[in-house]
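1. I would like to see how this sequence folds:
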Amino acid sequence: MAIRPDALPTDPSALTEMVLALDAENEKLRVAMQTLKEMIFGKRSERLAVLVDEQLALELGDLETDATLPVQANDDVPAAKPPGKVRKKARRNIGALPKHLPRCEQVLEPEATACLCCQGQLHKIGEDVSEVLDIIPAILRVLRTIRPKYGCRSCTDGVVQVKALPRLIESGMASTALVTHVVVSKFAWYLPLYRQVQILAGQGVNLDRATLAGWVKRAAWWLKSLYELQLRTIQASPRVFCDETPMPVLDPGRHRTRICQFWAHAMDDRPWGGPSPPAVAYVFADGRGTEEIAGQLTDFSGILQVDGYAAYKALARGHGGAIQLAFCLAHARRKFVEIYKMMQSPFAHEVIERLQAVYAIEAEIRGSSAEQRLAARRTRSAPLMAALKARLTAMVDQLFSQSKLTEAINYTLNHWDGLTLFLRDGRVEVDSNTVERSMRPIAMGRRNSLFSGSDGGAESWAILASLVNTAKLHELDPQAYLNDVLERIVSGRTKSHQLHELLAWNWKAARERVAQAAA
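-> Numbering: from 1, shown residues only. As a prediction, this is how the structure comes out:
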């Protein structure tokens, strides 16, 4: 509503307060407008933020995108390359195709092997060999199982016949390999079921999408016990990463979707050589409140590395000190990155550079033991963080209380104990990017599939995505892994008390032992 001249206060102090309030409101609106522009037109990753004045003219759009995941847990790159640092060569596979792939030889012989001069027989003096990577597209075939019957001519009974093998889909016409292919295509490579139906139709096999959905549901039913074991194993770790992301679920009664949640629980001790292998398990829930996460972590005690969401803080308070929260330094940094991108704030730039120095130390000590990491952090990172806190504390009193920069500073200071837990425990990471990276497959699958068709479908999604993405963390072929696991469970070769053998890291170790024994 416009302010009328007669409504303006005559008191100078009151008028000053009104101007300051309007200025604060205008700043919020400007920030909101700039944020919307960034969401619609801006880059999707903070890695692409230009933080060096000399590089402001080098915005190259898609050419700046790096699809390779960094080895370190943070998503940061140095603002400027150290002088004299040699640029790493691009990872190209030139003339060295993998040795484990089968070779199919194609020999090209001359039309004639007689000498053009004397007509004598030519003899082989050498050869040139070149290799190219080839592919055989997926071939659909019909697997016929024949069970002969044998009987005695002298007796009236005693017919002998092998029992039929158990099937993943009883009375169905899909093999375990085909069902696994559908599951892996959807949850590992983000190919929705309707697209798979179109691909199968192109090969002359017409199926309904509901049929494939039934296969997926049946596979999740067989794998539920293994998934629950994997989830319990992660939650039994003394250090767990946790995060949540929205999952739209179709609500038929309202003819629209309702927003549910996928909670991710992850563990990974590789950065310091600890005992916990990389793994992730997703849990489907109706909401993202304290009740949902408290129900999932009922018996958990240890370090929970998360962002600053209030539900985690309430969870820690409800456990009476059994859960210690380690907050994410990347989340705190991200707030200053957003401010710098919108306002070019020199102080935000300063904070980013200070945090980049901490991340540079983390990159150097990655792979060292927990004791070595802790010693380096106390010697090198602790002074940097102490200086950052002093700088933030001194600056916050000089800023307007409702500015975005003040909000970023207050967020960092209010979470300081959890943000600096890595200075007191060498096993703790500086951020929660371990679990955030595990959220990317869910986000990509959600983008392609748009929503889950039901609560049951979302639960199947959580089960299958957990096993498939954990296999990918161990650099396994999801198709080979899941097919073998399903075959073992369906056939009964692996009993319920032996399910730990089918966890991705144990399955991989068993395969490696067999390969070493055969070598």
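2. outside of the helix or strand hosting residue 506, which residues touch it?
-> In this assignment (DSSP states H and E), residue 506 forms part of helix 504-518. Here helix 504-518 makes contact (Cβ atoms under 8 Å, 6 or more residues apart in numbering) with 277-279, 467, 470-471, 473-474, 476, 481, 484-485, 500-501. C-beta here means a position set from N, CA and C on the backbone, and glycine is covered the same way.
3. next one: stretch 281-296
-> 227, 230-231, 234-235, 242, 244, 247, 260-266, 309-312, 314-315, 318, 442, 455, 458-459, 461-462, 465-466, 470.
4. which among these end up buried?
-> Neighbour-count burial (16 or more other Cβ atoms under 10 Å) applied to those gives 227, 230-231, 234-235, 242, 244, 247, 260-266, 309, 311-312, 315, 442, 458-459, 461-462, 465-466, 470.
5. which two in the contacts of helix 504-518 are spaced the farthest apart?
-> 278 and 484 (19.8 Å; Cβ to Cβ).
6. where's the closest residue to residue 449 other than its chain neighbours relative to residue 213, distance?
-> Nearest residue to residue 449 in three dimensions, chain neighbours excluded: residue 192, at 4.7 Å (Cβ to Cβ, 6 or more residues apart in numbering). Distance, residue 192 to residue 213, by Cβ to Cβ, to the nearest Å: 11 Å.
7. residue contacts, residue 222?
-> Applying Cβ under 8 Å, 6+ apart, the residues contacting residue 222 are 168, 486, 489-490.
8. next one: phi and psi at residue 250?
-> phi -60, psi 130 (degrees, to the nearest 10).
9. just checking, it touches residue 257?
-> Yes - the pair residue 250 / residue 257 is scored as a contact, 5.5 Å apart, by Cβ atoms under 8 Å.
10. Quick check: neighbours shared by these two?
-> Taking Cβ under 8 Å, 6+ apart as the contact rule, residue 250 and residue 257 both touch residue 451.
11. So the most far-flung residue of the chain relative to its centre versus residue 112, what's the distance?
-> Centroid-distance maximum for the chain: residue 118 at 69.1 Å, with Cα atoms, centre = their mean. Between residue 118 and residue 112 the computed distance is 14 Å (Cβ to Cβ).
12. try residue 289
-> Distance from residue 289 to residue 112, by Cβ to Cβ: 82 Å.
13. and those two? which has more neighbours close in?
-> Between residue 289 and residue 112, counted using other Cβ atoms under 10 Å, residue 289 has the larger neighbour count: 13 against 9.
14. so what pLDDT did residue 160 get?
-> Listed pLDDT for residue 160 reads 90.
15. Show me what it is bridged to.
-> For residue 160, the beta-bridge assignment (DSSP bridges) gives partners residue 150.
16. Going forward, count from 89.
-> Okay, using 89 as the starting number, the last item reads as residue 248.
17. Give me the neighbour count for it.
-> By other Cβ under 10 Å, the residues close to residue 248 number 9.
18. remind me which residues of the stretch 139-288 of the chain are low pLDDT?
-> Across the stretch 139-288 of the chain, the ranges flagged by pLDDT under 70 are 139-183.
19. nearest residue to residue 546 other than its sequence neighbours?
-> According to Cβ to Cβ, 6+ apart, the nearest residue to residue 546 is residue 540 (4.1 Å).
20. Wait, the one you found touches residue 334, no?
-> No - applying Cβ under 8 Å as the test, residue 540 and residue 334 come out as separate, 11.2 Å apart.
21. Who has more neighbours out of the two?
-> For residue 540 versus residue 334, the count of surrounding residues by other Cβ under 10 Å is larger for residue 540: 23 against 13.
22. what are the phi and psi values for the more buried one?
-> Here is the backbone geometry of residue 540 (degrees, to the nearest 10): phi -100, psi 140.
23. per-residue confidence averaged over the one helix or strand residue 335 maps to?
-> Using DSSP H and E, residue 335 maps to strand 327-339. For strand 327-339, mean pLDDT rounds to 94.
24. How far does it sit from its chain's centre?
-> The chain centre lies 12 Å from the centre of strand 327-339; the measure is Cα atoms, centre = their mean, to the nearest Å.
25. Can you tell me the strand partners of the next helix or strand after that strand and which way each runs?
-> Heading C-terminal from strand 327-339, the first helix or strand you meet, by DSSP H and E, is strand 344-355. If you go by DSSP bridges, strand 344-355 pairs up with strand 327-339 (antiparallel), strand 367-373 (antiparallel).
26. Any chance you could give me the longest one in PDB, C-alpha atoms only?
-> Right, strand 327-339. Listed next in PDB are the C-alpha coordinates belonging to strand 327-339 (Å, rounded to 0.1, in the frame of the first residue of the first chain):
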ATOM      1  CA  ARG A 327      29.400 -42.200  12.500                       C
ATOM      2  CA  VAL A 328      26.500 -41.800  10.200                       C
ATOM      3  CA  PHE A 329      25.700 -39.200   7.500                       C
ATOM      4  CA  CYS A 330      22.000 -38.300   7.100                       C
ATOM      5  CA  ASP A 331      20.000 -36.100   4.700                       C
ATOM      6  CA  GLU A 332      16.600 -35.900   3.200                       C
ATOM      7  CA  THR A 333      15.000 -35.000  -0.100                       C
ATOM      8  CA  PRO A 334      11.400 -34.600  -1.300                       C
ATOM      9  CA  MET A 335       9.700 -37.500  -3.200                       C
ATOM     10  CA  PRO A 336       6.300 -36.800  -4.900                       C
ATOM     11  CA  VAL A 337       3.900 -39.700  -4.500                       C
ATOM     12  CA  LEU A 338       0.700 -39.900  -6.600                       C
ATOM     13  CA  ASP A 339      -2.500 -39.400  -4.500                       C
END
